[in-house]
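Undergrad: Okay, here's the prediction I keep looking at, along with the sequence it came from:
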Amino acid sequence: MELNLEGKRALVTGSSAGLGAATAKLLAAEGATVIVHGRDEARARQVADAIRTAGGAASVVLGDLTTDAGADRVAEAALAGGPVDILVNNAGFYRHLSWTDATAKEWVSTYNTNVVSGVRMIQRLVPQMRARNWGRVITIGGGLASQPMNTHPQYNATLAARHNLAVSLARELKDTRVTSNVVSPGAILVEATKDLVTEIGPARGWGDTWEQIEPNAVNSLIPNDRGRFGRADEIAAAVAYLCSDYAEYISGATIRVDGGLIKSAF
C-alpha cells in the first residue's frame, strides 16, 4: 500500500528511543521527512543517522516540552525547515508508584509531561496545518486510559486525558482536512521489558527460553488474544496509516493495537 507521505514533514516527539524511534523510522521509510525530537542529543542523532543510512531524510530538534520556552524552541526549530504536516505526540513518562506513593506533586508533574506538553505542541503547530487545510495529529495513548490498574494511578489518568484531548481536537478541526486520532498500544516489547521478563521467568515457572517465557508471561501479566507482547513496529504502522491519504475519513478515533488486551467492544 502506498501511503503517499512523500513531501510531508513529520515531527515525532520523544523519538530518540522506543515507540517514538520506531515511528520516526517507519514514517521516513514511507517517504516523509522526519524531525527526531528528544532531550539527549546523542540518542536523537543516532536515530536520525539510522534514518539517513536507510535512505530517508531526517533532522534533529532538542528541547524540554514541559515548559513554554522549551516548546517554543522545539516548534521554531521544527518549522525552520518548512511546514510541519504531521505531529505525533508520543513523548511521555511514568513511574511505578502506588496510590500512597504518588504524591500530588508527582500527579502534577506527570500531567504536565504527558498532557500539557502535547497541548503545547498542538497549539504551536496545528494553526499552520489548519491554514494549509491539511494535517495529521496522532496522539499515542494506551489501554490504561479505559482499563486502569490500581498502580501508577497518576499515569493512568494522564492517558485518559490524552485520549480525551485528541477527540476534542478532532471536533475543533471540523470541516478541515486536519485530523486528530489516537493510537492506543497494549504492552509493547522493548529491551527493558524483555530483560526483566527473561530474568524473572524461570523462577516463576514460565520456562527457560524466550519462546517458552513470552506466552506464559503474557498470560500471567497482560492476557490478550494474541498471546504475546506487541512490537514497536506494529504501533508505528498504525501511526503511518493514520497519517496517510487512506485515513482521510478517520478523525476522533482510537485505534487499539493491543492484541485484544482491552475487552470492550467500544
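TA: Cool, got the structure. Residues are numbered from 1 along each chain as shown.
Undergrad: what about the strands in the stretch 151-266 of the chain?
TA: Taking DSSP state E, counting those that start in this stretch, the strands of the stretch 151-266 of the chain run over residues 178-185, 254-257.
Undergrad: Mind putting those into JSON lines with distance to residue 225, mean pLDDT and mean neighbour count?
TA: Glycine gets a C-beta too; all of them are placed from N, C-alpha and C. Formatted as JSON lines, the strands of the stretch 151-266 of the chain follow (distance: least, Cβ to Cβ, whole Å; pLDDT from 0 to 100; neighbours: other Cβ atoms under 10 Å):
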{"stretch": "strand 178-185", "distance to residue 225": "15", "mean pLDDT": "98", "mean neighbour count": "25"}
{"stretch": "strand 254-257", "distance to residue 225": "12", "mean pLDDT": "98", "mean neighbour count": "19"}
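Undergrad: Looking at the ones you listed, which is nearest to residue 86?
TA: Residue 86 sits nearest to strand 178-185 of all the strands of the stretch 151-266 of the chain, at 10.3 Å, using Cβ to Cβ.
Undergrad: Can you list the strands that that closest one pairs with?
TA: strand 135-140 (parallel), strand 254-257 (parallel) (DSSP bridges).
Undergrad: Give me the residues contacting it.
TA: 19, 126, 129-130, 133-143, 145, 162-163, 166-167, 169-170, 173, 230, 235, 238-239, 242, 247-248, 250-258, 262 (Cβ atoms under 8 Å, 6 or more residues apart in numbering).
Undergrad: what's near enough to touch residue 165?
TA: 115, 118, 119, 122, 139.
Undergrad: what residues are up against residue 52?
TA: residue 58 are the contacts of residue 52 under Cβ under 8 Å, 6+ apart.
Undergrad: For the nearest residue to residue 137 once chain neighbours are set aside, give its distance to residue 25.
TA: Nearest residue to residue 137, sequence neighbours excluded (Cβ to Cβ, 6 or more residues apart in numbering): residue 180, at 4.4 Å. The gap separating residue 180 from residue 25 is 23 Å, by Cβ to Cβ, to the nearest Å.
Undergrad: Tell me how far stretch 206-223 lies from the chain's centre.
TA: Stretch 206-223 sits 25 Å away from the centroid of its parent chain (Cα atoms, centre = their mean, to the nearest Å).
Undergrad: hmm, I was thinking of stretch 5-23
TA: With Cα atoms, centre = their mean, you get 9 Å for stretch 5-23.
Undergrad: What residues of that stretch count as buried?
TA: 5, 8-23 (16 or more other Cβ atoms under 10 Å).
Undergrad: Which helix or strand in the chain has the lowest average pLDDT?
TA: Of all helical and strand segments in the chain, the minimum by mean pLDDT, DSSP states H and E falls on helix 191-200, at a mean of 92.
Undergrad: mind listing what's buried in it?
TA: Within helix 191-200, the residues scored as buried using 16+ other Cβ under 10 Å are 197, 198.
Undergrad: all helices for the stretch 1-150 of the chain, in order.
TA: Counting by DSSP state H, counting those that start in this stretch, the stretch 1-150 of the chain has helices at residues 18-29, 41-53, 68-80, 104-111, 117-132.
Undergrad: so which of those is the most packed in?
TA: When the helices of the stretch 1-150 of the chain are scored by mean count of other Cβ atoms under 10 Å, the highest mean neighbour count falls to helix 18-29 (a mean of 25).
Undergrad: what's the average pLDDT for that helix?
TA: For helix 18-29, the mean pLDDT works out to 97.
Undergrad: relative to helix 191-200, how tilted is that helix?
TA: Counting by axes from the mean of the first three to the mean of the last three Cα atoms, to 10 degrees, helix 18-29 lies at 130 degrees to helix 191-200.
Undergrad: Direction-wise, compare helix 18-29 with helix 41-53 and give the angle.
TA: Angle between the axes of helix 18-29 and helix 41-53 is 30 degrees (criterion: the same axes, to 10 degrees).
Undergrad: Give me the contacts around helix 18-29.
TA: Counting by Cβ under 8 Å, 6+ apart, 5, 10, 12-15, 34, 36-37, 47, 50-51, 54, 56-58, 86, 88, 90-91, 140, 185, 188, 190, 232-233, 235-237, 239-240, 243 sit against helix 18-29.
Undergrad: now with 7 Å?
TA: Identification of contacts with helix 18-29 by Cβ atoms under 7 Å, 6 or more residues apart in numbering yields 5, 10, 12-15, 34, 36, 47, 50-51, 54, 56-58, 88, 90, 140, 185, 188, 190, 232-233, 235-237, 239-240, 243.
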